[in-house]
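Novice: what follows is a protein structure lacking sequence information:
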């Protein structure tokens, strides 16, 4: 039973380019969460999605960031016109349902902005 | 902001000793979860304890919860080198998202 799969594991972009991060949840999981982690810090919540719906995006920057979880295919976190401050590890997690369930995390995408 | 705060920030112990980490939070919770993160990897769920529970065990792990003091502790008994990792608590305040502190960095000295 495959875990949460994130790709790519490492992504290098130049300032101004777009970054697309992919997350395939565990089989049977319909809830997806994205988190960002800066060095030596904990994970910060960004967005929570269910299939085709954004449920909570309170942690997403208002500009340049967007997320989707289409009916078919992986969840995508898109960062447009990247800046140096976007350099971080981005983690995706999934769960079968909400509050009382543990979240299962992927190994993250490490984004570096040149 | 709503999140757990782990204490201590760093802990080094000899292999075989017990390790205790603490977590404090500020408002009522639905449950509290503990996670482990090895360097360069994602978080691994360890234990979920609900607000009406006081203690929970899983192998060498023991978690306690004191809702009156708004605190939780994670005890790892008979530590091993493989326990070296960062440990995070995530209080759940009744919504879907998890909020993490900066964690406790545990080092087991062989």
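Specialist: Received, thanks. Everything numeric here is computed off the predicted structure, so don't read it as measured data.
Novice: and chain B, which residues reach chain A?
Specialist: B:3, B:30-31, B:33, B:35, B:40-45, B:48, B:50, B:88, B:92, B:94-103 (Cβ under 8 Å from any Cβ of the partner chain). C-beta here means a position set from N, CA and C on the backbone, and glycine is covered the same way.
Novice: give the partner strands of the strand or helix carrying residue B:21 in its sheet and their orientations.
Specialist: According to DSSP states H and E, residue B:21 maps onto strand B:19-24. Strand B:19-24 has the following strand partners under DSSP bridges: strand B:5-7 (antiparallel), strand B:71-76 (antiparallel).
Novice: may I ask you to confirm that residue A:82 belongs to a strand?
Specialist: No: Residue A:82: not assigned to a strand; according to DSSP: H, G, I helix; E, B strand; the rest coil it is coil.
Novice: distance-wise, check it relative to residue B:49.
Specialist: As judged by Cβ to Cβ, to the nearest Å, residue A:82 and residue B:49 stand 39 Å apart.
Novice: if I pick the most centrally placed residue in chain A, what's in contact with it?
Specialist: Centroid check for chain A by Cα atoms, centre = their mean gives residue A:34 as the closest residue, at 3.6 Å. Residue A:34 sits next to A:23, A:45-47, A:67, A:75, A:77, A:90-93 when contact means Cβ atoms under 8 Å, 6 or more residues apart in numbering or on different chains.
Novice: wait, what's in contact with the nearest residue to residue A:90 once chain neighbours are set aside?
Specialist: Spatially, and ignoring its direct neighbours in sequence, residue A:90 is nearest to residue A:109 (4.9 Å; Cβ to Cβ, 6 or more residues apart in numbering or on different chains). With contact set as Cβ under 8 Å, 6+ apart, residue A:109 has these partners: A:6-11, A:21, A:89-90.
Novice: buried among the residues of chain B next to chain A? Need that as a selection in PyMOL.
Specialist: Applying 16 or more other Cβ atoms under 10 Å in any protein chain shown to these, the buried members can be selected in PyMOL as follows:
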select buried, chain B and resi 3+31+33+35+42+43+45+48+88+92+95+96+97+98+99+100+101+103
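Novice: now, the residues of chain B next to chain A that are in strands?
Specialist: Judged by DSSP state E, the residues of chain B next to chain A include B:31, B:33, B:35, B:43-45, B:48, B:50, B:88, B:92 as members of strands.
Novice: in JSON lines, list the residues you listed along with distance to residue B:65 and pLDDT.
Specialist: Putting those into JSON lines (distance: Cβ to Cβ, whole Å; pLDDT from 0 to 100) gives the following:
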{"residue": "B:31", "distance to residue B:65": "9", "pLDDT": "93"}
{"residue": "B:33", "distance to residue B:65": "11", "pLDDT": "94"}
{"residue": "B:35", "distance to residue B:65": "16", "pLDDT": "96"}
{"residue": "B:43", "distance to residue B:65": "20", "pLDDT": "94"}
{"residue": "B:44", "distance to residue B:65": "20", "pLDDT": "96"}
{"residue": "B:45", "distance to residue B:65": "16", "pLDDT": "95"}
{"residue": "B:48", "distance to residue B:65": "11", "pLDDT": "95"}
{"residue": "B:50", "distance to residue B:65": "8", "pLDDT": "94"}
{"residue": "B:88", "distance to residue B:65": "16", "pLDDT": "95"}
{"residue": "B:92", "distance to residue B:65": "12", "pLDDT": "89"}
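Novice: fine, thanks again, bye for now.
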